[in-house]
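In: model the following, please.
(one chain, ligands or ions: 1)
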Amino acid sequence: MDRNIIEKAQKYFTTGVSLITSSGPHGQNVMAAEWTMQISYKPMLIAIFIHKGNATFKNIKQTKEFGINVSSEEQTTAVNIAGGYSRTEIDKLKIKDAFDVISSKKIKAPMIAGCTINLECKLVTMKKLGDHTMIVGKAVAISYDASKKPLIYHTGKYFRLGKVIESFRKTVNVDEPTINWFSIKSDGRFVLKCVGLIIKSKNKILILKHTTKNKSYITIPFIVPKRGNVYAKSLDFYVKKIGLRIMINKVPVLKRLIIKSKKRILRINFILFEGRLKSDIKNYTWKPIISSSLLHELTN
Ligand SMILES: Cc1cc2nc3c(=O)[nH]c(=O)nc-3n(C[C@H](O)[C@H](O)[C@H](O)COP(=O)(O)O)c2cc1C
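Out: Just a heads-up that it's a prediction; the model follows:
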């Protein structure tokens, strides 16, 4: 592979930058590490990738503990110093006004104030991978400051976090029984994932009528699939169970909607397959597509 392309392409990864603190044979130290990543929730494990030539590497190898201080956008100077000099050259933590050093609770290494997250870690494992060593630590003390914004590192430059990208969802007004029906199905989930079947005939659509407690409402045939199950198979199984004989077109579409009734909203992702009836049926209801805004949206 072209070395030039590799060098350019790797700059396009986007990361934060952590200040790795340690205290060992090289004394107290701080270095910058963009390769910092949480790799497990329970226990909370974080991997950092450190070159064996760094003073930090030797400190961690000997003491089996280190601090991860995820830098904020105000800490570019600290990051430059931590990443631009080695402890073998200068005691970086002693440089005037460069680092706001604070003491840690569970490890010997100091911590850095003004960061977004501070994690005191005990070494779990080390593994050499390519030209760096993966060092995995288990967090034994954690704090964070929600008022601080993380520093972003990209193409060798520092950036601020930009605006939130609102994920586009179309809002569809529905009646109360419909939102109630889907709310029960959603069971408190942030997004309800449904797999539905669209069976059209001219400008009509096949729907199911559900009735509970004297209220009735209509939906297309749909299921809330179990995680990991093959959607088309689960849908096929369901429609057979309710007595439909159909061919399912295997190319689905995705509709990301918000259904709204008065002040209530519910996010629903519909994966929709089109179906073709194998034979005529009598017991199901056909509705004009425009009879409800939800049906209209699902079929458009
Ligand atoms: C923004 C930035 C990110 C860095 N990320 C890493 C990294 O993930 N792993 C690494 O080994 N070195 C990384 N470095 C380089 C080290 O911070 C640098 O070699 C430092 O001098 C090592 O310090 P030490 O010898 O005192 O431990 C980075 C440097 C900068 C400026």
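
In: mind listing the strands for the stretch 101-250 of the chain?
Out: Using DSSP state E, counting those that start in this stretch, the strands of the stretch 101-250 of the chain run over residues 101-102, 111-112, 117-129, 132-144, 152-154, 157-159, 170-173, 191-198, 200-201, 204-212, 215-219, 222-223, 246-248.

In: what parts of the stretch 101-250 of the chain come near the ligand?
Out: Counting by Cβ under 6 Å from any ligand atom, the stretch 101-250 of the chain comes close to the ligand at 132, 153. (Glycine included, C-beta is placed from N, CA and C.)

In: re earlier: and the strands of the stretch 101-250 of the chain, which is most packed in?
Out: Across the strands of the stretch 101-250 of the chain, averaging neighbours per residue (mean count of other Cβ atoms under 10 Å) puts strand 111-112 on top, at a mean of 25.

In: show me what that one is packed up against.
Out: With contacts taken as 3 or more Cβ pairs under 8 Å, 6 or more residues apart in numbering; DSSP states H and E, strand 111-112 sits against strand 18-24, strand 65-70, strand 101-102, strand 117-129.

In: any idea of the mean pLDDT for stretch 271-291?
Out: Stretch 271-291 carries an average pLDDT of 82.

In: what are the buried residues along that stretch?
Out: Of all the residues in stretch 271-291, those buried under the rule 16 or more other Cβ atoms under 10 Å are 271-275, 286-287, 289.

In: ramachandran coordinates for the residue in the chain positioned nearest to the ligand?
Out: Nearest to the ligand, among the residues of the chain, is G83, at 2.4 Å (Cβ to the nearest ligand atom). Dihedral pair for G83: phi -90, psi -10, per degrees, to the nearest 10.

In: got the contact list for it?
Out: Contacts here follow Cβ atoms under 8 Å, 6 or more residues apart in numbering; on that basis G83 touches 17, 31-32.

In: dump the helices and strands packed on strand 111-112 into CSV; add distance to Q10 and mean pLDDT as well.
Out: As requested, the helices and strands packed on strand 111-112 are exported to CSV (distance: least, Cβ to Cβ, whole Å; pLDDT from 0 to 100):
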stretch, distance to Q10, mean pLDDT
strand 18-24, 18, 98
strand 65-70, 21, 98
strand 101-102, 32, 98
strand 117-129, 15, 98
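
In: run through the stretch 151-300 of the chain and note the low-pLDDT ranges.
Out: 280-283 (pLDDT under 70).

In: closest one to K52 out of the contacts of G83, please.
Out: Of all the contacts of G83, K52 sits closest to M31, with 12.8 Å by Cβ to Cβ.

In: check contacts around the closest one.
Out: 19-20, 50, 54-56, 82-83, 86-87.

In: if we use 7 Å, what do you get?
Out: By Cβ atoms under 7 Å, 6 or more residues apart in numbering, the residues touching M31 are 20, 54, 56, 82-83.

In: name the element it belongs to?
Out: Taking DSSP states H and E as the definition, one finds M31 inside strand 27-33.

In: packing partners for the helix or strand following that strand?
Out: Using DSSP H and E, the helix or strand that follows strand 27-33 in sequence is strand 36-40. If contacts are counted by 3 or more Cβ pairs under 7 Å, 6 or more residues apart in numbering; DSSP states H and E, strand 36-40 sits against strand 45-50.

In: go through the next helix or strand after the strand it packs on and flag the buried ones.
Out: Going down the chain from strand 45-50, the next helix or strand is helix 55-63, by DSSP H and E. For helix 55-63, the neighbour count (16+ other Cβ under 10 Å) marks 55-61, 63 as buried.

In: any chance of these in JSON lines, plus distance to S40 and pLDDT?
Out: Formatted as JSON lines, those follow (distance: Cβ to Cβ, whole Å; pLDDT from 0 to 100):
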{"residue": "A55", "distance to S40": "27", "pLDDT": "98"}
{"residue": "T56", "distance to S40": "22", "pLDDT": "98"}
{"residue": "F57", "distance to S40": "22", "pLDDT": "98"}
{"residue": "K58", "distance to S40": "26", "pLDDT": "98"}
{"residue": "N59", "distance to S40": "24", "pLDDT": "98"}
{"residue": "I60", "distance to S40": "19", "pLDDT": "98"}
{"residue": "K61", "distance to S40": "22", "pLDDT": "98"}
{"residue": "T63", "distance to S40": "22", "pLDDT": "98"}
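
In: nearest to I46 among those?
Out: I60 (12.5 Å).

In: excluding its backbone neighbours, what's nearest that closest one?
Out: Nearest residue to I60 in three dimensions, chain neighbours excluded: F66, at 4.9 Å (Cβ to Cβ, 6 or more residues apart in numbering).

In: do the same with R256
Out: Leaving aside its chain neighbours, R256 sits nearest to R169 (4.8 Å; criterion: Cβ to Cβ, 6+ apart).
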